[in-house]
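Enquirer: next come a sequence and a model predicted from it.
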Amino acid sequence: MRGKDVYLKILVDFLIAICVLLVLIFVVPKAIKFFLPFVIGWIIAMIANPVVKFLEKKVKIVRKHSSAIFIILSLAAVISLCYFGISFLGRQVIALITDLPAIFNRFQNQLAATEENMAGVYSMMPADAKAFIDDISNNLMTYLGKAISNASKFSAADAGSLMKNVAETFLMAIITFMSAYFFIADRDKLMKGIKDLTPDSLQERVTLIKNNFTMAIGGYFKAQFKIMLIMVVILFVGFEILQIDYSFLLALGIAFLDFLPVFGTGTVIFPWAVIDLFSGNYFEAACLVVIYLVCQVIRQILQPKMVGDSIGLSPLSTLLFMFVGYQVKGVLGMIIGIPIGMAVINLYKAGLFDKLIQGLKIMIHDINEFRKY
């Protein structure tokens, strides 16, 4: 049997690991939410820093001046983009809300045409299958009716709440960009201060964790956002060719579903194509299938290059991390579960957990030896 000191060290390692895990799960998300403008400012600062360094070396501009120039230009670009984007989307959303009753009526008519065309098949179905289909249809119509009714109500109180949210968002944006400027201007001092506060024995591990999470999470989301933008363009062009109303909103919504790990473009396009097919709208159904196939081909071509092998997760591991993320933080957890899983796997391969695993093996071995008689 080993000495007590060995078991004490193993116990301390496990307690530290448990404390770190609890902090990451319960404290860090709340801290990020509380300091969100500063977190976003830090991300902007990390993106801007290479440009600032280039200006320092090539143009010989002082860091504080180059930071100010970059932040002002970024602020102007973001404000312009937000203004035109929100104006366009706002007009589309208002028009969609106004047009919802007419869309609901068209959808009802299309479902009626589908039921009429499927009458022969429906009559041959067992009673249980008929009841199941009727329940789905009734529940769908009831849900859509309630959603349209709620979306059509917009009171003065809602308008006041909206204005309050806009004002708060504007304030948070100012704080975000100011913090980004200070993070860029004083980056070297901040990094030196953090390094001085970090014990030498932890610096190597902290650097390893930081690099892995930056590579996994940053690389994953950067690639997925690029793919999402390409999906928006393909879907928008396809819907415009078919002369579908609110094509950009639809393209944006379906591309966001495609961004989510479990869903995809087929979540919306397949049921839509099936309804078109059985209601007699064969051309639109065929075009929707073509749009879906184009999206899938483009995704399969781009994903290996942008994300691909860098994911480093087996399908089972991917599913596991998605499930754990969903259980911890819902849909948001499901989205970030995969890149966090990538980082954990990479840290395991780098040997960060070797000491814990070795301690666990020692404990199990000694317990089994103690049980022998």
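Expert: Alright, I've got the coordinates. Numbering: from 1, shown residues only.
Enquirer: now do the helix or strand hosting K33: everything it contacts.
Expert: When elements are assigned from DSSP states H and E, K33 belongs to helix 28-34. Here helix 28-34 makes contact (Cβ atoms under 8 Å, 6 or more residues apart in numbering) with V39, K329. Heads up, the C-betas are built off the backbone N, CA and C, glycines and all.
Enquirer: quick one: mean pLDDT for it?
Expert: For helix 28-34, the mean per-residue pLDDT is 84.
Enquirer: next one: stretch 325-340
Expert: Rounded mean pLDDT across stretch 325-340 is 78.
Enquirer: next one: stretch 10-19
Expert: Per-residue scores along stretch 10-19 average to 86.
Enquirer: check contacts around D13.
Expert: K355, L356, G359.
Enquirer: residues contacting the last one?
Expert: So the one you mean is G359. Here G359 is in contact with K9, I10, D13, F14 (Cβ under 8 Å, 6+ apart).
Enquirer: grab the nearest non-local neighbour of the first one.
Expert: The reference is to K9. G359 (7.6 Å; Cβ to Cβ, 6 or more residues apart in numbering).
Enquirer: the one you found is in what secondary structure piece?
Expert: Using DSSP H and E, G359 falls in helix 354-371.
Enquirer: now do the buried residues in that helix.
Expert: G359, M363 (16 or more other Cβ atoms under 10 Å).
Enquirer: alpha carbons of stretch 28-41, as PDB, please.
Expert: What follows is stretch 28-41, C-alpha atoms only, in PDB (Å, rounded to 0.1, in the frame of the first residue of the first chain):
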ATOM      1  CA  VAL A  28     -18.300  31.600 -15.600                       C
ATOM      2  CA  PRO A  29     -21.600  31.800 -17.700                       C
ATOM      3  CA  LYS A  30     -23.100  34.200 -15.100                       C
ATOM      4  CA  ALA A  31     -19.900  36.300 -15.100                       C
ATOM      5  CA  ILE A  32     -19.900  36.400 -18.900                       C
ATOM      6  CA  LYS A  33     -23.500  37.500 -19.000                       C
ATOM      7  CA  PHE A  34     -22.900  40.200 -16.400                       C
ATOM      8  CA  PHE A  35     -19.700  41.600 -18.200                       C
ATOM      9  CA  LEU A  36     -21.000  40.900 -21.700                       C
ATOM     10  CA  PRO A  37     -20.100  44.300 -23.200                       C
ATOM     11  CA  PHE A  38     -16.500  43.800 -21.900                       C
ATOM     12  CA  VAL A  39     -16.400  40.200 -23.200                       C
ATOM     13  CA  ILE A  40     -17.500  41.400 -26.700                       C
ATOM     14  CA  GLY A  41     -15.000  44.300 -26.500                       C
END
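Enquirer: give me the buried positions along that stretch.
Expert: P37, F38, I40, G41.
Enquirer: hmm, which two among those residues are most spread apart?
Expert: Using Cβ to Cβ, those span at most 7.4 Å, a distance reached by F38 and I40.
Enquirer: give me the neighbour count for the residue lying closest to S247 once chain neighbours are set aside.
Expert: Leaving aside its chain neighbours, S247 sits nearest to F239 (3.5 Å; criterion: Cβ to Cβ, 6+ apart). Number of residues near F239 (other Cβ atoms under 10 Å) recorded here: 21.
Enquirer: please apply the same query to V268.
Expert: Residues near V268, counting by other Cβ under 10 Å, number 18.
Enquirer: need phi/psi at the spatially closest residue to it that is not a sequence neighbour.
Expert: Spatial nearest neighbour of V268, excluding adjacent residues (Cβ to Cβ, 6+ apart): I254 at 5.0 Å. Main-chain dihedrals, I254, degrees, to the nearest 10: phi -70, psi -40.
Enquirer: surely I254 meets L235?
Expert: Yes - under the criterion of Cβ atoms under 8 Å, I254 makes contact with L235 at 5.6 Å.
Enquirer: what sits in contact with each of those two?
Expert: Contacts common to I254 and L235, judged by Cβ under 8 Å, 6+ apart, are T265.
Enquirer: what sits against the residue nearest to V268?
Expert: M231, L235, T265, T267, V268, I269.
Enquirer: kindly report the same for V297.
Expert: No contacts exist for V297 under Cβ under 8 Å, 6+ apart.
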